[in-house]
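In: Coordinates for the following, if possible.
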Amino acid sequence: MPTKLTVLFAPAYGLSRLNASIALAEELIARGHRAVFAIDQAYRGQVVKRGIQELLHSLPEQVDRDAKDADDWHQYVANNAGALKGDSLEIAGGYCVQQFDRQLAECRALDEHYRSVVDIIRPDVIVVNSYVCAPALVGSGIPWVNLISCTPLLALNDQTLPPPFSGLPFKASIDDWHRYRHQFDDKFAGIQQTINEWYSAAGVGAQLADRQLVLQSPHLNIYVYPKVLDYYSGNTLLANNWLRVDSLVASTTGSQPFELPEKFRGKVGKLVLINMGRVGSGDLALMNKLVAHLTNSEHRFIVVTGSLTDKLVLPDNMWGQSYVSHVSVLPKVDLLITNGNNQSVSEAISYSKPVIVLPLFGEHFESGQRVKELALGLTLCPYTCSMTSLVASVDALVDDKYLHKRLSLIGKYMENSGENQKAVNLLESICNK
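Out: Numbers count the residues shown, from 1 in each chain. Sure thing, here's the model as predicted:
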């Protein structure tokens, strides 16, 4: 057993990043290490019940998020709905650039706080899970790990793979990749320049390389992506400071056990979880459409209602709640309908569940294309799909016995792969160099 380490985690705002970070922290705690989370006050109490120390922060008013409560968020989504109606490149150059800018502003506002946290905690290693890495964390002189629970394509920056946020097929024309990538790079060039200028002014030795948006750690980079979805073949050799893990799924510690709603007991039909993420679940027009399309389905649906809990009217074959824990619900369902968030798709496959991806922006298009071309699910446009196509897709996937058998084998492999332990081994090793 190596010396007990203190590991500081700094996940960006968002449940997906938080949950992946918790899963890695639990592996470290099991080995006797100490985990400390620097997280937004919105997640107060989420990690302490797992034996993790929390250090809370909040953003200054001028860079605070657009919505502080459900009504504000619902209005924010409604105001921005038009930005999600184009093709993947239009959405990347508009909405995704806006979101990247916001995360950069948040990271700037938190940099001094992170500096204080590092001084107080004196960690042996820092784990960052964010598109934008704060200089106080990556320029501290302390070994740091880049945990990538979002799209791997953006972080890998590999020109031999499909461009990020595109949803282009793996076997598409290279010319199609290059055309998209050229325009994508132009749209994000200003952000890359701003980050590099910030790093230079802060004395961070590293800079984003050409066409790069996510800083790579010289110590260790861990990307979360199931082997069955991975773009690289088994013969591909990654650099020594890169590791892929199938999934990082938090334990059920502290989570409320999920009990089948009373209205579903005794009823026939498969069980389906619908979780469209914070943005999708805040889009009343979109959620009303999905509910209407599935109202007459023979199956039962658990709907994550997000900020629309008091506004969404659900039929008899549906039950909703603002939030449900994936680790508690996924083992009990037959299918996940999702926006295509990378963490959610990885969790579903780890629990041997097929997915229907209804992509909204960014990495969602990648997830949809990947599960489609590897026959692990289907993808539909959330705004234009017909009732017939959505109902038929649900019926096809819940009744596909061959797919469920295949996913069962994949899930068992992921459970026993030992990759998470390999990640902890590497994390420990960089502290002993």
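
In: close enough to count as contact, S350 and L248?
Out: No: applying CB atoms under 8 Å, one finds S350 not in contact with L248, separated by 9.3 Å. (Each C-beta comes from the backbone N, C-alpha and C, glycine too.)

In: out of these two, which sits in the busier spot?
Out: Between S350 and L248, counted using other CB atoms under 10 Å, the more crowded position is L248 (26 against 21).

In: got any ranges where this protein has weak pLDDT?
Out: For the chain, applying pLDDT under 70 flags the ranges 1-2, 60-74, 234-237, 433.

In: Checking Q159 next. Helix, strand or coil?
Out: Judged by DSSP: H, G, I helix; E, B strand; the rest coil, the three-state class of Q159 is coil.

In: can you pull out the helices in the stretch 51-200 of the chain?
Out: Taking DSSP state H, counting those that start in this stretch to define them, one finds helices in the stretch 51-200 of the chain at 70-80, 88-91, 97-121, 135-138, 152-156, 174-202.

In: Nearest to I337, out of the ones you listed?
Out: helix 70-80 (18.3 Å; CB to CB).

In: Return the backbone torsion pair for the residue of the chain most remote from its centre.
Out: Going by CA atoms, centre = their mean, the residue of the chain most distant from its centre is G266, 34.7 Å out. For G266, the backbone dihedrals (degrees, to the nearest 10) come out as phi 90, psi -10.

In: mind checking how far it is from N296?
Out: Using CB to CB, to the nearest Å, we find G266 at a distance of 19 Å from N296.

In: can you give me the strands in the stretch 1-150 of the chain?
Out: 6-11, 34-40, 53-57, 125-129, 144-148 (DSSP state E, counting those that start in this stretch).

In: Columns mean neighbour count and distance to A105 on top of those strands, output as JSON lines?
Out: Formatted as JSON lines, the strands of the stretch 1-150 of the chain follow (neighbours: other CB atoms under 10 Å; distance: least, CB to CB, whole Å):
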{"stretch": "strand 6-11", "mean neighbour count": "26", "distance to A105": "16"}
{"stretch": "strand 34-40", "mean neighbour count": "22", "distance to A105": "14"}
{"stretch": "strand 53-57", "mean neighbour count": "15", "distance to A105": "14"}
{"stretch": "strand 125-129", "mean neighbour count": "25", "distance to A105": "17"}
{"stretch": "strand 144-148", "mean neighbour count": "26", "distance to A105": "21"}
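
In: what would the ones you listed look like in TSV with distance to L409?
Out: Formatted as TSV, the strands of the stretch 1-150 of the chain follow (distance: least, CB to CB, whole Å):
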stretch	distance to L409
strand 6-11	31
strand 34-40	33
strand 53-57	38
strand 125-129	30
strand 144-148	26
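
In: Provide a list of residues in contact with K227.
Out: Contact partners of K227, counting by CB atoms under 8 Å, 6 or more residues apart in numbering, are 244, 246, 413-414, 417.

In: Just the buried subset of those, written out for PyMOL, thanks.
Out: For the buried members of the contacts of K227, the matching PyMOL selection, counting by 16 or more other CB atoms under 10 Å, is:
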select buried, resi 244+246+414
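
In: a markdown table please, covering the contacts of K227 and showing secondary structure and distance to L336.
Out: Formatted as a markdown table, these follow (DSSP: H, G, I helix; E, B strand; the rest coil; distance: CB to CB, whole Å):
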| residue | secondary structure | distance to L336 |
| --- | --- | --- |
| R244 | strand | 22 |
| D246 | coil | 17 |
| Y413 | helix | 19 |
| M414 | helix | 15 |
| S417 | coil | 21 |
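
In: Can you pick out the most distant pair from the contacts of K227?
Out: Distance extremes for these: the farthest pair is R244 and Y413 at 13.7 Å, using CB to CB.

In: right, and I148 touches C133 too?
Out: No: at 11.3 Å, I148 does not count as touching C133 under the criterion of CB under 8 Å.

In: Count the neighbours of R122 for me.
Out: The burial count for R122: 10, using other CB under 10 Å.

In: Grab the nearest non-local neighbour of it.
Out: T6 (6.9 Å; CB to CB, 6 or more residues apart in numbering).

In: Show me what the one you found is bridged to.
Out: Under DSSP bridges, the beta-bridge partners of T6 are R34.

In: likewise the one 4 residues further on?
Out: With beta bridges defined as DSSP bridges, A10 has these partners: V128.
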